[in-house]
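Chemist: here are the coordinates; sequence isn't available:
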């Protein structure tokens, strides 16, 4: 069969139908139906076109994945990782209940943290599933990418779905050593943005001065959004040596860059900006020593204007909607002022005595809120303790921080044992209804006193007939944060209690399931940590033959 009809005509006949447009003569054969002849011609045309294709030029082979010298996972931990990445979450029970089975998806971040802390590398076969899991969960990304390491970043370049891994990372490239100054300079001047961010962070970790000098070489030519990102990297290892560079950044053409530079400078108590802010704040806050019914009081005179010098130092002139200008300016001045000036300014008093002083004209909340932000920014634990006040004090009438969000930020400045102790006493005094945010800043696993305070509060809520689902958030937090060693002490709580008349219908069964799930999760976490432990040489050695098997007394 000789076929000369173009492909386009065959397509036209097929679209219109052979009844309306008869196929060309060279397609038709005597005695054949037109539709069959058209399909045969199309098949012949397709075969001829495919046979005439020339092979395409082979694409360049990708560079090999970079090495990862971290330790290999023990086999039990490898199997556990596969189970966690399979997303085998706990099946939902009836009535919206979670049942008694641990939720594996909530344990993956903790497993990754432990694996990273012990210096393990991700198995190559697990990298695709690991990147897929990180793509769907922002909270998982830092741990997953750290575990995936350079090979995970290398693999992410070949799948658009994993491009998130390349943002703010080296893009899979191996960063040059700090001693190779020429390679560092070339990558800084010619690399992709993600590579440059990773390079600056790496150099900053090893040599803060070298990182600052590297940034200065191209600072004036960088885009505003890039300058902001690079400037933010100076938070790590911030010191007085960074002050000259940050002072220059106060004159940057970008408002966001200026604001970030001012924030960093205010975190340096010895900086010139901190001194300027202290001078301004001192004119606004003073002590009235004349006395009265309440004794010495704090007097506040908020600024009447926000001049150009204040704006250059990072004070925003325009307040948010619903906020007064003067209170807005005052808060920014006090927030950026070194806390060390206030004892001398307010009668040589301690921070505890200062926050207890009455403040005239309803400025208490504004002044204390600014001191809270200053304590968080300057990481001042003593002021944080003073502003937190006693744990047993009512959250509504505390000496400084009036909101739980402020208290959580202040707690984060304290050493981990102090945080746990304060929150444990808070829970003992006020229960769990207002403690969720505070628990979120406590180190994991929770200390013994904190864990027992949480469990005791849950037990009290159960015995009091409280709505069990009201505590599902705290229960979920306990599953992730309670010390696994507490599991044997909780078995008594897994029994279904007798329900009182005032209890919610079915609450006893819910509480029993919740405590069963808690105990199961704690035991699973203990097993996970055990699997990540380095196998001993004895366990790796071959098992000797059982000599007693063939002995006469066996």
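Modeler: That came through, no problem. Every value quoted in this text rests on a predicted model; they were computed, and no experiment measured them. Numbers count the residues shown, from 1 in each chain.

Chemist: phi, psi of residue 250?
Modeler: Backbone geometry at residue 250, expressed as degrees, to the nearest 10, gives phi -60, psi -20.

Chemist: OK, contacts around residue 330?
Modeler: By CB atoms under 8 Å, 6 or more residues apart in numbering, the contact list for residue 330 reads 284, 300, 302-303, 363, 366-367, 370. Where C-beta positions appear, they are placed from N, C-alpha and C, glycine not excepted.

Chemist: the stretch 101-250 of the chain: helices as residue ranges?
Modeler: 108-117, 127-136, 141-156, 181-190, 193-206, 208-218, 224-232, 243-249 (DSSP state H, counting those that start in this stretch).

Chemist: can you list the contacts of residue 330 in JSON lines and add pLDDT and distance to residue 136?
Modeler: Shown next, in JSON lines, are the contacts of residue 330 (pLDDT from 0 to 100; distance: CB to CB, whole Å):
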{"residue": "284", "pLDDT": "96", "distance to residue 136": "49"}
{"residue": "300", "pLDDT": "95", "distance to residue 136": "49"}
{"residue": "302", "pLDDT": "95", "distance to residue 136": "48"}
{"residue": "303", "pLDDT": "95", "distance to residue 136": "48"}
{"residue": "363", "pLDDT": "93", "distance to residue 136": "47"}
{"residue": "366", "pLDDT": "92", "distance to residue 136": "42"}
{"residue": "367", "pLDDT": "94", "distance to residue 136": "44"}
{"residue": "370", "pLDDT": "94", "distance to residue 136": "40"}
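
Chemist: show me these that map onto strands.
Modeler: residue 300 (DSSP state E).

Chemist: ChimeraX command to pick out the buried ones of the contacts of residue 330?
Modeler: Listed next is the ChimeraX selection for buried residues among the contacts of residue 330, using 16 or more other CB atoms under 10 Å:
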select :284,300,302,303,363,366,367,370
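
Chemist: tell me the one of the contacts of residue 330 nearest residue 25?
Modeler: Within these, the smallest distance to residue 25 is 92.9 Å, found for residue 370 (CB to CB).

Chemist: check contacts around that closest one.
Modeler: Taking CB under 8 Å, 6+ apart as the criterion, residue 370 is in contact with 330-335.

Chemist: one more time with 10 Å, if that's ok
Modeler: 281, 285, 327, 330-337, 363 (CB atoms under 10 Å, 6 or more residues apart in numbering).

Chemist: may I see those residues organised as TSV, with distance to residue 262 added?
Modeler: Shown next, in TSV, are those (distance: CB to CB, whole Å):
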residue	distance to residue 262
281	14
285	20
327	19
330	16
331	14
332	9
333	12
334	14
335	11
336	7
337	12
363	23
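
Chemist: among the residues you listed, which pair sits farthest apart?
Modeler: Farthest apart among those by CB to CB are 336 and 363. That separation is 17.6 Å.

Chemist: tally of neighbours for residue 208?
Modeler: Residues lying near residue 208 (other CB atoms under 10 Å) number 17.

Chemist: distance check, the closest residue to it other than its chain neighbours against residue 200.
Modeler: Spatial nearest neighbour of residue 208, excluding adjacent residues (CB to CB, 6 or more residues apart in numbering): residue 237 at 4.4 Å. Remark: distance between residue 237 and residue 200 (CB to CB, to the nearest Å) = 12 Å.

Chemist: those two - which one has more neighbours?
Modeler: The neighbour count for residue 237 versus residue 200, taken as other CB under 10 Å, is higher for residue 200 (20 against 16).

Chemist: wait, doesn't the more buried one sit right on residue 222?
Modeler: No - taking contacts as CB atoms under 10 Å, residue 200 lies outside contact range of residue 222: 11.3 Å.

Chemist: list the buried ones in the helix or strand that contains residue 263?
Modeler: Element membership for residue 263, per DSSP states H and E: helix 255-266. Within helix 255-266, the residues that count as buried by 16+ other CB under 10 Å are 257-266.

Chemist: over to stretch 102-121?
Modeler: So for stretch 102-121, counting by 16+ other CB under 10 Å, buried means 102-112, 114-116, 120-121.

Chemist: name the nearest residue to residue 243, ignoring sequence neighbours.
Modeler: Closest to residue 243 by CB to CB, 6+ apart is residue 271, at 5.1 Å.

Chemist: please pull out the lowest mean pLDDT helix or strand from the protein.
Modeler: helix 537-540 (a mean of 41; mean pLDDT, DSSP states H and E).

Chemist: now the helices for the stretch 301-450 of the chain?
Modeler: Under DSSP H, counting those that start in this stretch, the stretch 301-450 of the chain gives helices at 308-312, 325-335, 342-345, 351-355, 364-378, 381-388, 404-411, 416-430, 436-439, 448-463.

Chemist: what lies in contact with the fourth one?
Modeler: Defining contact as CB under 10 Å, 6+ apart, one finds that helix 351-355 is touched by 287, 296, 298, 339, 342-343, 345-347, 349, 364, 367-368, 371-372, 375, 380, 382-389, 398-401.

Chemist: where in the stretch 451-554 of the chain is pLDDT low?
Modeler: Within the stretch 451-554 of the chain, the stretches with pLDDT under 70 are 497-506, 534-554.

Chemist: just the chain next, same as before
Modeler: Ranges of the chain meeting pLDDT under 70: 1-2, 87-98, 167-175, 177-178, 291-294, 395-402, 497-506, 534-554.

Chemist: so what's the residue nearest the centre of it up against?
Modeler: Residue closest to the mean C-alpha point of the chain, counted by CA atoms, centre = their mean, is residue 139 at 5.0 Å. If you count contacts by CB under 10 Å, 6+ apart, residue 139 has them with 108-109.

Chemist: distance of residue 195 relative to residue 201?
Modeler: 11 Å.

Chemist: likewise for residue 6?
Modeler: Counting by CB to CB, the gap from residue 6 to residue 201 is 61 Å.

Chemist: more crowded one of the two?
Modeler: Comparing residue 6 with residue 201 by other CB under 10 Å, the one with more neighbours is residue 201, at 17 against 11.
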